[in-house]
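Participant: Quick check, what structure comes out for this input:
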Amino acid sequence: MSAPSIPNLLSLRGARGGPRDRGRARAGDHSHATAPSQETNIQGTDTDASVSRMSAVNLGYLQDPFAQYFVHMSVNGVARRLPIINRGTYARTTALDRLISAFLLNSEGRGERQIISLGAGTDTRCFRFLSRPSPTGLIYHEIDFPAIAAKKLHLVNANPQLGVILSNPQAEDDGWSCRSLPNGCQYWCHGLDLRTLVGNGVKALRGVRTDVPTVLISECCLCYLEPSEARGVIKHFTEMVPDLAIMIYEPIHPDDSFGKQMVSNLAARRIRMPTLDSYQNPAKQQSRLREAGFGFVRSVTIKEMWQRWITDEERERVDNLEGLDEVEEWNLLAEHYIVVWGWRGDGFRGWESI
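Facilitator: Reported below is the predicted structural model:
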């Protein structure tokens, strides 16, 4: 299969069609190249992700009652993504949820714990985890550009179903918070550019605890920074929080035919992923976390995750939702995305066996 004919998750997020729609994004397609800045285009990927999430929910891949509040409903409803995109959305969500769930389960009853989501956008994870029966002592932080943080507050205020979870939001410096949630939980939304966390003399984010087990999440976020900036953001937290873990989801292998097409499709949208050249493969992804001070490091490609983490029964269920003609293309796509995670300290029991 020639590279220009290979789809990828990022270029197909805007594709419409049903299970048999064979439409493809073309190499060199500059239809998205009108946005004025890299930052604007990055924020646009959040809209793409929310629509993809809603498509996967509507078709039964995922259960997420909160996804509907973060998409614009047209007369014809939400765009239905191609099967390969729906499966990709399912896989990335399931992989990160598995790690987060293991962290929360194994730390239950051991005191407070903390999640910090970088570039969270309109992600619904905070609602899903804070609405679980007993998320005792969970402190949940989200960081994104000020416009995204303001948008999330507007949606919470406009939708009672969201306000029930994040009640009584209060204005903070550069964001907002809900400090008195049930079971001792808290939520903090920080509206800022992550690059402001890089350098000497940077103040700690309001509400961030340095004395509790903490998971840092980057779901296709740090990859948009320069390598030195991405290292600086991680360093900001490693220097503050002793009991720390990190999980990163992003693309790899930019130098093979599929990867080159992936980079080309991103460039057509005027989007760059500077760290992609520095952390090209699983070995380099793991090395970046060891060099950042994480003593235990693991990684899994989405293809490996699909084969090892998903039960036969669940794979059969997902297969039956639509039917996937592009099996070869799915394997290529899944080989080009990775989840890498690392940890230090005593708050992450159970991660060794994942």
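Participant: Between the two ends of stretch 270-279, what distance do you get?
Facilitator: Start-to-end span of stretch 270-279 (CA to CA, to the nearest Å) is 21 Å.
Participant: could you give the mean pLDDT of it?
Facilitator: When pLDDT is averaged along stretch 270-279, the result is 94.
Participant: mind listing what's buried in it?
Facilitator: Arg270, Ile271, Arg272, Met273, Pro274, Thr275, Leu276, Tyr279 (16 or more other CB atoms under 10 Å). For glycine as for every other residue, the C-beta is placed from the backbone atoms N, C-alpha and C.
Participant: ok, so of those, who is nearest Leu162?
Facilitator: Ile271 (29.0 Å; CB to CB).
Participant: how close does that closest one sit to Pro251?
Facilitator: 12 Å (CB to CB, to the nearest Å).
Participant: if we can go back for a sec, identify the farthest-apart pair in the buried residues of stretch 270-279.
Facilitator: So, the buried residues of stretch 270-279 by CB to CB: farthest apart are Arg270 and Tyr279, at 21.9 Å.
Participant: TSV please, covering the buried residues of stretch 270-279 and showing distance to Asp325.
Facilitator: Output for the buried residues of stretch 270-279, formatted as TSV (distance: CB to CB, whole Å):
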residue	distance to Asp325
Arg270	31
Ile271	28
Arg272	32
Met273	28
Pro274	34
Thr275	33
Leu276	28
Tyr279	32
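Participant: Quick check, central residue of this structure?
Facilitator: Glu219 (2.7 Å; CA atoms, centre = their mean).
Participant: So for that one, what's the pLDDT?
Facilitator: 96.
Participant: wait, what's in contact with the closest residue in space to it that isn't next to it in sequence?
Facilitator: Closest residue in space to Glu219, ignoring its immediate chain neighbours: Tyr249 at 4.8 Å, by CB to CB, 6 or more residues apart in numbering. Taking CB atoms under 8 Å, 6 or more residues apart in numbering, we find Tyr249 in contact with Arg92, Ala95, Leu96, Ser218, Glu219, Cys220, Tyr337, Ile338, Val339.
Participant: what about 10 Å?
Facilitator: 91-93, 95-96, 217-223, 302, 337-341 (CB atoms under 10 Å, 6 or more residues apart in numbering).
Participant: Would you mind listing which of the residues you listed are buried?
Facilitator: Buried, going by 16+ other CB under 10 Å: 91-93, 95-96, 217-223, 302, 337-341, out of these.
Participant: Thr214 touches Gly347, doesn't it?
Facilitator: Yes. Using CB atoms under 10 Å, Thr214 is in contact with Gly347, at 7.8 Å.
Participant: ok, these two, which is more surrounded?
Facilitator: Under the criterion of other CB atoms under 10 Å, the comparison of Thr214 against Gly347 puts Thr214 first, with 27 against 22.
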